[in-house]
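In: what would the 3D arrangement of this be:
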Amino acid sequence: MIGGVQNIGRITELRQRILFTFAMLAVYRVGAFIATPGIDPEVVRNFFQQMQGTVLGLFSLFSGGALEQLSIFSLGIMPYISASIIFQLLTVVIPKLEELKKEGEQGQKKINQFTRYATIGLALFQSSLIAFALERGQFGEGAVIDPGWNFRIMCMITLTTGTAFIMWLGEQITERGIGNGISMVIFASIIVSIPSALANLFQLIRTDQFTLLGTIVFTLIAVGVMFLIVIVERGQRRIPIQHAKRVVGRRMQQGGMSYFPLRVNTAGVIPAIFASSLLTFPIMIAQFTDSTVVQEFITDYLDPGSILYQLVYIGFIVFFAYFYTAIMINPADVAENIKRSGAYIPGIRPGKKTEEHIDRILTRVTLIGAMYMSAVCVLPTILSVRAGVPFYFGGTALLIVVGVGLDTISQIEAHLVSRQYEGFAEGTRIRGRLGA
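Out: I've put the predicted structure just below:
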């Protein structure tokens, strides 16, 4: 582990990528403290202090606290995530988009461009709701200094531009930094809230609202959940593949056994992020609408502590786990590639039988991954509502933090190994020189 960390500084490109990632995240954090023109940040901050533990509080968590101060990054990256969900669903429904996806990199670039346009549209819509809600005093009386259309237009332009800038930051991190840029932005938003969460926990202990024994038990549960996340995220179901002897040019290649790995959680943290993003819409509607019927329905049935909310949440997670896995892995393509390479799965006939075998295994593995993710994400409600924990322990946030952390470590290890340096998990250093 220590040797792997030391080797990071020896690779110029890797070091530059890590520093670039930190620089972009630092820019993102600075923007989270720049208030939107025309509002009183203190009024909004006091309102959100009363909303801790709700879905709106979770939305604020994903924005890195920017929503609490109504900064220029208040909308965060959620409009982009929502647009991504829409276009991934439309890819299955609209043949034209499906054809673009099959075109490879060029087609994906066009879909990404459509996603950006949709992000701007969603950001304009959500920012208009926030502007009207601020004027109606739903974020606290006196939040807007000078109400009117000048404020509404300025608020919409500011918040939409902030979302577009975060989207650009994420794309820059993906291309020139380490890991998935959008996930890194969400990761940074959650990490920055840890110090204040620890301070609140200490305050609860000091005022006897939470016992020391309860803190120890809670810590053990959190460590156990993190251990479970690491084990499952690293877990694989390996399908054995037998390669036959074949002639390539003038050389005979020996056959052998290899494995096709299927991750237990192929979709990663995407289902949790998508499900959380979709469930923020009802609470936003309840916050911004004047209809008491709608507000009461959402409050009664879609409160984070309600059974219906948890069932919908689990349903979304399971759906997106299967949906995203289907996008990532096509059993028909895998079976065809195995057949073309002259290989086969022992005991399974090539072609249709191989496809059905892979699909059956993938379905079972994905179900295990979806159930594990659902259990981690609903754990906060069990602790806060059933066990009486006086604060909201974010299982979704913990899943995202650990999952993105593992993916980032894998990216760094790939750079180290490709240049003949040991990774974090290797016990023996591989000697070698860094190539030009």
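In: could you dump stretch 230-250 to PDB, C-alpha only?
Out: Below are the C-alpha coordinates for stretch 230-250, written out as PDB (Å, rounded to 0.1, in the frame of the first residue of the first chain):
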ATOM      1  CA  VAL A 230     -15.900  -3.200  -0.400                       C
ATOM      2  CA  ILE A 231     -16.500  -7.000  -0.500                       C
ATOM      3  CA  VAL A 232     -19.400  -6.800  -2.900                       C
ATOM      4  CA  GLU A 233     -17.900  -4.200  -5.200                       C
ATOM      5  CA  ARG A 234     -14.800  -6.300  -5.600                       C
ATOM      6  CA  GLY A 235     -16.900  -9.600  -5.900                       C
ATOM      7  CA  GLN A 236     -17.000 -11.400  -9.300                       C
ATOM      8  CA  ARG A 237     -18.700 -14.400 -10.800                       C
ATOM      9  CA  ARG A 238     -16.100 -15.900 -13.200                       C
ATOM     10  CA  ILE A 239     -17.400 -17.900 -16.200                       C
ATOM     11  CA  PRO A 240     -14.800 -20.400 -17.400                       C
ATOM     12  CA  ILE A 241     -13.900 -20.300 -21.100                       C
ATOM     13  CA  GLN A 242     -12.000 -23.000 -22.800                       C
ATOM     14  CA  HIS A 243      -9.800 -22.000 -25.800                       C
ATOM     15  CA  ALA A 244      -9.000 -24.600 -28.400                       C
ATOM     16  CA  LYS A 245      -5.700 -24.900 -30.300                       C
ATOM     17  CA  ARG A 246      -5.500 -22.800 -33.500                       C
ATOM     18  CA  VAL A 247      -3.100 -21.700 -36.100                       C
ATOM     19  CA  VAL A 248      -2.300 -18.000 -36.400                       C
ATOM     20  CA  GLY A 249      -0.100 -17.300 -39.400                       C
ATOM     21  CA  ARG A 250       2.700 -19.900 -39.200                       C
END
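In: contacts for it?
Out: Outside stretch 230-250, the residues within contact range by Cβ atoms under 8 Å, 6 or more residues apart in numbering are 252-265, 268, 338, 341-346, 357-358, 361, 365, 369, 372, 402-403, 406. In this view, the C-beta of every residue, glycine as well, is placed from N, C-alpha and C.
In: next: stretch 127-143.
Out: 39-40, 43-44, 46-47, 70, 74-75, 144, 147, 151-152, 155-156, 158-160, 284, 287-288, 290.
In: pull out the buried residues from those residues.
Out: 39-40, 43-44, 47, 70, 74-75, 144, 147, 151-152, 155-156, 158-160, 284, 287-288 (16 or more other Cβ atoms under 10 Å).
In: contacts only, for the nearest residue to residue 124 once chain neighbours are set aside.
Out: Residue nearest to residue 124 in three dimensions, not counting chain neighbours: residue 160, with 5.2 Å by Cβ to Cβ, 6 or more residues apart in numbering. Contact partners of residue 160, counting by Cβ under 8 Å, 6+ apart, are 75, 120, 123, 124, 127.
In: for the first one, which non-adjacent residue is spatially closest?
Out: Pointing back at residue 75 there. residue 163 (4.7 Å).
In: stretch 347-356: which residues count as buried?
Out: Buried-residue list, stretch 347-356, by 16+ other Cβ under 10 Å: 348, 350, 354, 355.
In: any idea of the mean pLDDT for that stretch?
Out: The predicted model assigns stretch 347-356 a mean pLDDT of 86.
In: for stretch 361-373, same thing?
Out: 91.
In: hmm, who's touching that stretch?
Out: Under Cβ under 8 Å, 6+ apart, the answer for stretch 361-373 is 228, 232, 237, 239, 262-267, 271-272, 317-318, 321-322, 325, 329, 331, 399.
In: buried residues in that stretch?
Out: Of the residues in stretch 361-373, those buried (16+ other Cβ under 10 Å) are 362, 365, 366, 369, 370, 372, 373.
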